[in-house]
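Participant: Next one to model:
(chains A and B)
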Amino acid sequence: MQNYIYKQLLLAIKKLNYPLVEFHLEKPRLPTHGDVSCTVVLTLAKMLSKPPREIASAIVNNLLLDNSIIKSVEIAGAGFLNFRFADSAIIEESKNILKLNNNFGKSDLKKNKKVNLEWVSANPTGPLHSGHGRQVCLGGVIANLLEWIGYDVTREYYFNNAGNQMKLLADSIFARYNEVCGLKINFPENGYQGLYIQTIAEEIKNKFGSELSRQSLDGNGKPLFQTFGEEWCFENIKKTLHKLNIHHDLFYNEDSLYSSGKIDDVISQLRQKDLIYEEEGALWFRTTKFGFDKDRVVVKSTGEPTYRLPDIAYHREKFVRGFDLLVDIFGADHIATIPDVLAGIEALGFDKNKVKVIIHQMVSFVDGEEVVKMSKRNAKVYTLDELINDVGIDAVYYFFIMRSANTHLEFDILLAKKQSEENPLYYVQYAHARIASILRFAEDEKIKISPNELLQFSKLNLIEAKEEIDLLKVLLEFPLMIESSAEMCEPHRLPTYLHQVAEAFHRFYHNHRVISENKNLTIARVALCLMTKIVLSNSFKILNVSAPERM
RNA sequence: GUGCCCGUAGCUCAAUUGGAUAGAGCAACAGCCUUCUAAGCUGUAGGUUGCGCGUUCGAUUCGCGCCGGGCACACCA
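Facilitator: Sure thing, here's the model as predicted:
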């Protein structure tokens, strides 16, 4: 219907020989302003310096509209064109929901396009903590959204298991190991304090006995404490991710960038472009050429690269692997590293506009009134596993996704735990459970409830009440909503939308009986219920939230 | 000190990317269950969008300057 209006507007503008400006249709905030609104007149008025209302009426007079699709056009306010859909068109289009069922909302907008989504990427030095949850969930939902608009999505995890941090992990475990074995040893300065270190130490003692030294090797000839610690941490991280239904396609090891010579490649390419120079024994990247206040070190005087170099090499590698879009998700604490990487790939001749970086702000946890302390120094870290145990997977997803990534988030654990009307998650899930219950009731009354049969037998033109039509309108917004939230990588629009769906449904339910003496009307309304259920459960699937049949 | 993000109803947050009278939930108040799930519905109240300039037909949104909060500012990752 939107496309139809757009096309007709374009025809009218052409016919009047007005300049072909870019314009789009939007949904007005107020229902009294119609179903779709357009501001093209205001843009034209400026260019032609004519009164907007004059242009508006010229366009309306030249607009050829099929009145079985569009009920009315109005000129309003400063020159808005407000369109109203005909009920018959809404009903006709709603049949798509039944037809497409689980696929309603999917599009092939980005068919044959490849996207790489990299997120989580925590190094294997400990379990994921609750703050990681925001990124974990954001990525999980964004990946689904991208798939829904047709992208071929590679879910990727970038990690580093070399360097000082891993030695420190091994040292920390070794210290606890000695402690467990009854020996005393000084705990390394800045060592990992978490209780999990002791758990790992105990497992090592149980498996290998208490005679190990720091240099001991495992069965494959690798340093035992480091390898065991790394694997333990990685298993722990993956287990948590799997609980949240997240499965990465690829774990990309930073180390492979060195062994394959890709790091050296980047340096020599940058050197060729005269973007690298040596000073005080270090290699510097001329970031000042890209608008930075000073140049940055990429190889330290010790010969070791800084984090920038592998990050740049990694992104170059992703370009080489042939993606149309690269999406990175970072917490606000990593914001400083992003410009360096973008400058790097630009320097190497790649289009930095193909990289979309999503930055989410920090999360604070509140348990009712009390602020949950999240100190890294403290041994008591609130892990993501604990959060999942406390509030459940559905609430973890819903609460992290509910708010735009760009704002500081307050996660109320007490509220997330509550099984009451205060909790926004239950409002939308309840709508689904309610529909499921109605459909069970309908089935008992020998009414068919399969999408195909409803498509075939229901007389949808019996749907005419305001609450029914309003509900259909909301349901039909679903595909566009998916499209925009996927393209903008803004999953928080989904919960906002879901609330509208649930609200429209509850209002309909409250005002009209679904199953009544009137057989044909009953079947039409059962179809309406099923349509709502389809939209709800498709949304839940994207959000990784369950669609309860009973509550 | 420098850079990035945020500031919207008592609280937590939206606002279709510059649109019309700034909207939801919770909390507060007043109503609605012998019939398909009351975890629901209806209504009332709640605002100088931190403050001040500017840009224009039009600003919560863009620019500049303050105020307040968060996060970064290494030859750490």
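
Participant: Tell me which helix or strand the residue in the stretch 351-500 of chain A that RNA strand B sits nearest to sits in.
Facilitator: Closest residue of the stretch 351-500 of chain A to RNA strand B, Cβ to the nearest atom of the strand: residue A:437 (2.5 Å). For every residue, glycine as well, the C-beta is placed using N, CA and C. With elements taken from DSSP states H and E, the one containing residue A:437 is helix A:424-444.

Participant: and if you look at residue A:44?
Facilitator: Per DSSP H and E: residue A:44 is located in helix A:40-48.

Participant: roughly how far is that helix from the heart of the chain?
Facilitator: Taking the mean C-alpha point of helix A:40-48 and that of its whole chain, the gap between them comes to 37 Å (Cα atoms, centre = their mean, to the nearest Å).

Participant: now the next helix-or-strand element following that helix: mean pLDDT?
Facilitator: Read in the C-terminal direction, the helix or strand following helix A:40-48 is helix A:52-61, with elements assigned using DSSP H and E. Confidence over helix A:52-61, taken as the mean pLDDT, stands at 91.

Participant: Show me what counts as buried in helix A:52-61.
Facilitator: Of all the residues in helix A:52-61, those buried under the rule 16 or more other Cβ atoms under 10 Å are A:52, A:55-56, A:58-59.

Participant: Now narrow those residues to whatever sits close to RNA strand B.
Facilitator: When Cβ under 7 Å from any atom of the strand is taken as the criterion, no member of the buried residues of helix A:52-61 contacts RNA strand B.

Participant: and of the residues you listed, the nearest to RNA strand B?
Facilitator: For RNA strand B, the nearest member of the buried residues of helix A:52-61 is residue A:52. The distance, counting by Cβ to the nearest atom of the strand, is 7.4 Å.

Participant: what's near enough to touch the closest residue to the closest one other than its chain neighbours?
Facilitator: The shortest distance from residue A:52 to any non-neighbouring residue, by Cβ to Cβ, 6 or more residues apart in numbering, is to residue A:79 (3.1 Å). Applying Cβ atoms under 8 Å, 6 or more residues apart in numbering to residue A:79 gives the contacts A:39, A:41-42, A:45, A:52-53, A:55-56.

Participant: if you set the cut-off to 10 Å instead, what comes out?
Facilitator: When contacts are counted by Cβ atoms under 10 Å, 6 or more residues apart in numbering, residue A:79 touches A:38-45, A:51-57, A:59.

Participant: circling back to that earlier point, helices and strands around the helix holding residue A:437, which ones?
Facilitator: Based on contacts counted as 3 or more Cβ pairs under 10 Å, 6 or more residues apart in numbering; DSSP states H and E, the elements that helix A:424-444 packs against are helix A:393-401, helix A:413-417, helix A:493-511, helix A:519-543.

Participant: mind running it again at 8 Å?
Facilitator: helix A:393-401, helix A:493-511, helix A:519-543 (3 or more Cβ pairs under 8 Å, 6 or more residues apart in numbering; DSSP states H and E).

Participant: ok, residues contacting the helix holding residue A:44?
Facilitator: Helix A:40-48 is contacted from outside by A:9, A:13, A:18-19, A:21, A:23, A:50-52, A:55-56, A:59, A:75, A:78-81, using Cβ under 8 Å, 6+ apart.
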